[in-house]
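>>> Need coordinates for the following:
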Amino acid sequence: MRLVMTEPVEKMERPYARRWWALLVLCLSLLIIVMANTALTVAAPDMTKDLGLSSADLQWVIDGYTVPYAALMLLLGAIGDKYSRRGALVLGLLVFGGGAVFGYLADSAATVIAARAVMGVGAALIMPATLSLLAATFPRAERAKAITLWTATAGLAIAAGPVVAGALLRDHGWSSTFLINVPIAAVAIVAAFVLIPPSKAGHHDRIDYVGGLLSVIWTGSLVYMIIEGPHFGWGAKAITAAVVAGAGLVAFVLWELRHPRPILDVRRFAHRRFAGSNLAVALFFLAVFGAFYYLTQHLQFVLGYDALQTGVRMLPLAGAVFVGSALTGFLTPRVGMKWTVGAGMVGGTTALALLTRVDAGSTYTDFVAPLIILGLAIGLALSPCTDAIMGAFPESELGVGGAVNDTSLELGGSLGIAILGSLLATSYGNHLSDATAGSKLPASALNTAKDSVGAGYAVAQGIGDKAHALAAQAAHATSPEQAAQLKQQATQLAAGAHQMADAVGSSFSAAVAHTSLVGAVILGIGTVLVAFLLPRREAPAPEVKEEEKELAESAVD
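Okay, the predicted model is just below:
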């Protein structure tokens, strides 16, 4: 057995014997880039306290990863196709691991944001490389099964991140959560050389760098606008980003339509199967990322679970993704992707609709069914969509195909957190204002409490701490009259703290229900659109054969 795999997969006469071991390496690589976001959700409260982060700082700690990740994938996927897909994977793992170490050493908001941005660049190399190597390594007959396992890994990572981070946070600081990724990245780098055959496009001409640069501009500006506008207001920055995104998209489409060898042939979106699959991926991750954003907060703040307990309680979602993935592997060849994807999207809509019943008296058991249904829905819908997207690209553009799939995923996730997160904050603030109307709470304290559910409970705890301090003073009062007065004030403050905590919990529960309703409506409308777009019959993917592509390019020349 060779220590380093040197024979290119394109030159093998039969399917690569160790392809399932290679898939394990690709899934490990996918695992860390998804866990990088989900682990942060449980580390954020400790990080905020330790570094004194403002809400804007925390938002950019989260999204500093997203902007380079989404913006660079298409260009880096094309570069990987031309030069080396395995090389892109290994370089991405090195960059990602280096960014994680940088994050572990960071001691300020700026350095944490910078570390997350470096990790985002690494993720932009890794993500399209995993799918392109998968598609290149597996024969077409096995590709759907391999993509099913790849998708199931993403579901596992959604829950694994909080579990592992929660376990670390019990004995270590928030910075330790960055190190989760380092040993996995190191193992994946070594295993990539041993188990993954080198791969690159057999026929690939000069890269369309102008189209690649335009894709970076419009995608990066769009993601920036999605983050900036809903969270920080539609000021000059958000509006400028919107204008740049719109102009960049138009320029990108016009350039790609006229270029003889575009980085992305935008005509593919005229094919209903391809367009419907991308729309389904984007809508699903809008719902999943948005729901995950507020469910983890509800479990931690309202129900009082710590980070590890929260992660464990998200595991039904991960388990259901595996079951759903197994079902889609059985059902799709028999009934077609239109029905499995449609069933998955209906399931996702149902899960969000069930969350509209959340109220102040809800317990964890009220969340189990929605989590299971949402996991099943992810497993049913996403694997056929990813397979359809990858099948639409010839061998020379597998990295670009992976980048298109992953960009749809990332844009959907960004929209989910931005739209549903912004709606959640507004709804929570409005409900809290109504719940505390007529109270004697100072305006500054109320404004602080309206900032977030964590801030609301902090205000309630502050009031409770004052009550305890007054009770302690009463015990050492110099006169009975003074003691009685202090006890009365302490009792009033204690009651106020209890009422404030109740108001925060009920307001956030109501906001979760309201936000879930909007999410269900969005996903429900999307379900109808996807059902219209996806063809009833399994038409062949709009793939261009290599020989035909060469002839077309020769004709253009």
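
>>> Am I right that residue 457 is in contact with residue 502?
No: here residue 457 does not reach residue 502: they are 10.9 Å apart, not a contact under Cβ atoms under 8 Å. Bear in mind the C-beta positions are built from the backbone N, C-alpha and C, glycine included.

>>> higher neighbour count, these two?
Using other Cβ atoms under 10 Å as the criterion, residue 457 and residue 502 rank with residue 457 on top: 20 against 13.

>>> From residue 41, how far off is the residue lying farthest from the centre of the chain?
Outermost residue of the chain with respect to the C-alpha centroid, by Cα atoms, centre = their mean, is residue 479; its distance is 60.4 Å. Computed as Cβ to Cβ, to the nearest Å, the residue 479 to residue 41 distance reads 52 Å.

>>> got it, and residue 446?
Residue 446 is 26 Å from residue 41, by Cβ to Cβ.

>>> And residue 223, by the same measure?
For residue 223, the distance to residue 41 - Cβ to Cβ - is 19 Å.

>>> Give me the more crowded residue out of those two.
Taking neighbours as other Cβ under 10 Å, residue 223 and residue 41 compare with residue 223 leading, 26 against 22.

>>> what about that one, helix or strand, and which?
helix 209-232 (DSSP states H and E).

>>> what is the orientation angle of the helix or strand just after that helix with helix 209-232?
Next helix or strand after helix 209-232 toward the C-terminus (DSSP H and E): helix 236-258. Angle between the axes of helix 236-258 and helix 209-232 is 150 degrees (criterion: axes from the mean of the first three to the mean of the last three Cα atoms, to 10 degrees).

>>> so residue 73 makes contact with residue 121?
No: counting by Cβ under 8 Å, residue 73 does not reach residue 121; the two are 10.3 Å apart.

>>> Give me the more crowded residue out of these two.
Using other Cβ under 10 Å, the more surrounded residue of residue 73 and residue 121 is residue 73, with 30 against 21.

>>> so where does that one fall, helix or strand?
helix 66-83.

>>> Okay, buried residues for that helix please.
Across helix 66-83, burial judged by 16 or more other Cβ atoms under 10 Å covers 66-82.

>>> And residue 505, what's its pLDDT?
pLDDT recorded at residue 505 is 91.

>>> Not including adjacent chain positions, what is the nearest residue to it?
Closest residue to residue 505 apart from its sequence neighbours, by Cβ to Cβ, 6 or more residues apart in numbering: residue 302 at 4.9 Å.

>>> so what's the one you found up against?
By Cβ atoms under 8 Å, 6 or more residues apart in numbering, residue 302 lies in contact with 453, 505, 508, 509.

>>> Which pLDDT value belongs to residue 75?
93.

>>> That one reaches residue 263, doesn't it?
Yes: under the criterion of Cβ under 8 Å, residue 75 makes contact with residue 263 at 7.1 Å.

>>> Show me the common contact partners of those two, please.
Joint contacts of residue 75 and residue 263 (Cβ under 8 Å, 6+ apart) are 212, 215.

>>> ok, back up a step: list the backbone torsions phi and psi for the residue farthest from the centre of the chain.
phi -140, psi 150 (degrees, to the nearest 10).

>>> ok, so what distance separates it from residue 491?
The gap separating residue 479 from residue 491 is 18 Å, by Cβ to Cβ.

>>> so of the contacts of residue 302, which ones are in helices?
Secondary structure from DSSP state H places 453, 505, 508, 509 of these in helices.

>>> any weak-confidence spans in the stretch 451-557 of the chain?
537-557 (pLDDT under 70).

>>> Kindly list the main-chain dihedrals of residue 53?
According to degrees, to the nearest 10, residue 53 has phi -70, psi 140.

>>> dump the residue contacts of residue 128.
73, 76, 77, 80, 88, 399, 400, 401, 402, 403, 406.

>>> Sort out which one of those residues lies nearest residue 5 for me.
residue 88 (15.8 Å; Cβ to Cβ).

>>> Settle this for me: that closest one is touching residue 78, isn't it.
No: if you go by Cβ under 8 Å, residue 88 and residue 78 don't touch, sitting 10.1 Å apart.

>>> Can you check which residues contact both of those two?
The contact lists of residue 88 and residue 78 share residue 399, where a contact means Cβ under 8 Å, 6+ apart.

>>> Can you lay out the ones in helices among the contacts of residue 302 as TSV showing distance to residue 532?
Below are the ones in helices among the contacts of residue 302 laid out as TSV (distance: Cβ to Cβ, whole Å):
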residue	distance to residue 532
453	38
505	41
508	36
509	35
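
>>> Let me know whether residue 211 touches residue 251 as I believe.
No: look at residue 211 against residue 251 with Cβ under 8 Å: they stay out of range, at 9.5 Å.

>>> Same drill for these two, tell me which one is more crowded.
Neighbours around residue 211 and residue 251, counted as other Cβ under 10 Å, are more numerous at residue 211. The numbers are 23 against 15.

>>> Contacts only, for the more buried one.
Contact analysis of residue 211 by Cβ under 8 Å, 6+ apart lists 252, 255, 256, 259, 262, 263, 264.

>>> Can you give me the neighbour number for the closest residue to the fifth one other than its chain neighbours?
Closest residue to residue 262 apart from its sequence neighbours, by Cβ to Cβ, 6+ apart: residue 256 at 4.0 Å. Taking other Cβ under 10 Å as the neighbour definition, residue 256 ends up with a count of 19.

>>> Residue 343 now?
When neighbours are counted by other Cβ under 10 Å, residue 343 comes out with 20.

>>> One more: residue 254?
The burial count assigned to residue 254 is 12, neighbours taken as other Cβ under 10 Å.

>>> For residue 408, see how far away it is.
Residue 254 is 21 Å from residue 408, by Cβ to Cβ.
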